[in-house]
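Asks: how does the following fold in three dimensions:
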Amino acid sequence: MRFQTPLVPARLIRRYKRFLADCLLEDGRAVTAHCANPGSMTGLAEPGARIWLEPNDDPRKKLRFSWRLVDHGDGHFTGVDTAVPNRLLRTALSAGEVPGLEGYTTLRPEVRYGAGSRVDFLLTGGGQPDTYLEVKSVTLSRRPGLAEFPDSVTARGTRHLGELAAMAGRGARAVLFYLVQRTDCSAVAAAADIDPAYAAGLEAARAAGVEVMAWDCAIAPEGIALRRPLRVQGNNSDTAPDTAT
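Replies: All right, here's what the predicted structure looks like:
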């Protein structure tokens, strides 16, 4: 997925009201950018951080820039737009590019299920069981090489785990997919100290038959692409694809 317009480098002045960020462009101009991330963005929103913004000239938008990347300065990047994972995964699923999730004939987004929830994708057809697929954007990393979810308490995320477990109990296939928008991690784990209820819900969901998958991204100022599977850590078991390093 290439960015619609070339990104421009900037320095973060401050992030505030969750969706706004004051930034300093290299030419000295101060601008306000849209931040498409409602999370805490722990470790990603420090004043002075090198970031990348996407300009736009859409008259329907109030802000002329959107914050897309954090540049860690060592060749690694983090994508901050939480809408990117679903777009990336939908494209990859449609093209049959995700091992273990190929062969379906129909992909439907935002399908109602459970007790008033919507699953990110429902995969059907191809002689396979209906598959309920929930996608989570992961950007938190507090230890080298380890990505963690969530970055703040998420009652909604815990509810989704219960809904997936219920579908697995009814004979459907249920998959939780962590898409890590970082280039510097090789494993994913639940941030149990941040949200103990979510961590417990994750282990319960796995025990109930929910599959857990994780991939990272190739990220650069030119664009973002799905890259490789990552190891998923847990109290009960780890999954470790051969390609994770």
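
Asks: check which residues of the lengthiest helix in the chain are buried.
Replies: Identified as the longest helix of the chain according to DSSP state H is helix 155-169. Neighbour counts using 16 or more other C-beta atoms under 10 Å place 157-168 of helix 155-169 among the buried residues. Bear in mind the C-beta positions are built from the backbone N, C-alpha and C, glycine included.

Asks: same check, this time on stretch 111-126
Replies: Going by neighbour count (16+ other C-beta under 10 Å), the buried part of stretch 111-126 is 113-114, 117, 119-123.

Asks: what of stretch 45-52?
Replies: In stretch 45-52, counting by 16+ other C-beta under 10 Å, buried: 45, 49, 51-52.

Asks: which helix or which strand is home to the residue most central in space within the chain?
Replies: The geometric centre of the chain, computed from its C-alpha atoms, lies nearest to residue 137 (C-alpha atoms, centre = their mean), at 1.5 Å. For residue 137, the host element (DSSP states H and E) is strand 131-138.

Asks: partners of the very next helix or strand once past that strand, with directions?
Replies: Using DSSP H and E, the helix or strand that follows strand 131-138 in sequence is strand 140-143. Sheet pairing of strand 140-143 (DSSP bridges) gives strand 145-149 (antiparallel).

Asks: outside of the partner strand, which residues touch it?
Replies: Around strand 145-149, the neighbours that count as contacts under C-beta atoms under 8 Å, 6 or more residues apart in numbering are 136, 138-142, 157, 178, 180, 182, 184-191, 194, 198, 214, 216, 230, 233.

Asks: let me see the domain layout of the chain.
Replies: Taking automatic domain parsing as the domain assignment, the ranges for the chain are 8-79, 84-232.

Asks: which non-adjacent residue is nearest residue 124?
Replies: Closest residue to residue 124 apart from its sequence neighbours, by C-beta to C-beta, 6 or more residues apart in numbering: residue 106 at 4.7 Å.

Asks: in contact with that neighbour, which residues?
Replies: Residue 106 is in contact with 123-125, counting by C-beta under 8 Å, 6+ apart.

Asks: what's the closest of these to residue 95?
Replies: When the contacts of residue 106 are compared for distance to residue 95 (C-beta to C-beta), residue 123 wins out at 13.5 Å.

Asks: counting by contacts, list what whichever strand or helix holds that closest one packs against.
Replies: Remark: residue 123 resides in strand 117-124, with elements defined by DSSP H and E. Contacts defined by 3 or more C-beta pairs under 8 Å, 6 or more residues apart in numbering; DSSP states H and E place strand 117-124 against helix 84-94, strand 106-113, strand 131-138, helix 155-169.

Asks: of all these, which lies closest to residue 221?
Replies: Closest to residue 221 of the helices and strands packed on strand 117-124 is helix 84-94 (C-beta to C-beta; 14.1 Å).

Asks: between strand 145-149 and the strand holding residue 137, find me the angle.
Replies: Strand 131-138 runs at 110 degrees relative to strand 145-149, counting by axes from the mean of the first three to the mean of the last three C-alpha atoms, to 10 degrees.

Asks: could you check the angle strand 131-138 makes with helix 155-169?
Replies: Comparing the axes of strand 131-138 and helix 155-169 via the same axes, to 10 degrees yields an angle of 150 degrees.

Asks: circling back to that earlier point, mind putting the helices and strands packed on strand 117-124 into CSV with distance to residue 146 and mean pLDDT?
Replies: Formatted as CSV, those follow (distance: least, C-beta to C-beta, whole Å; pLDDT from 0 to 100):
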stretch, distance to residue 146, mean pLDDT
helix 84-94, 18, 96
strand 106-113, 30, 95
strand 131-138, 11, 97
helix 155-169, 18, 96
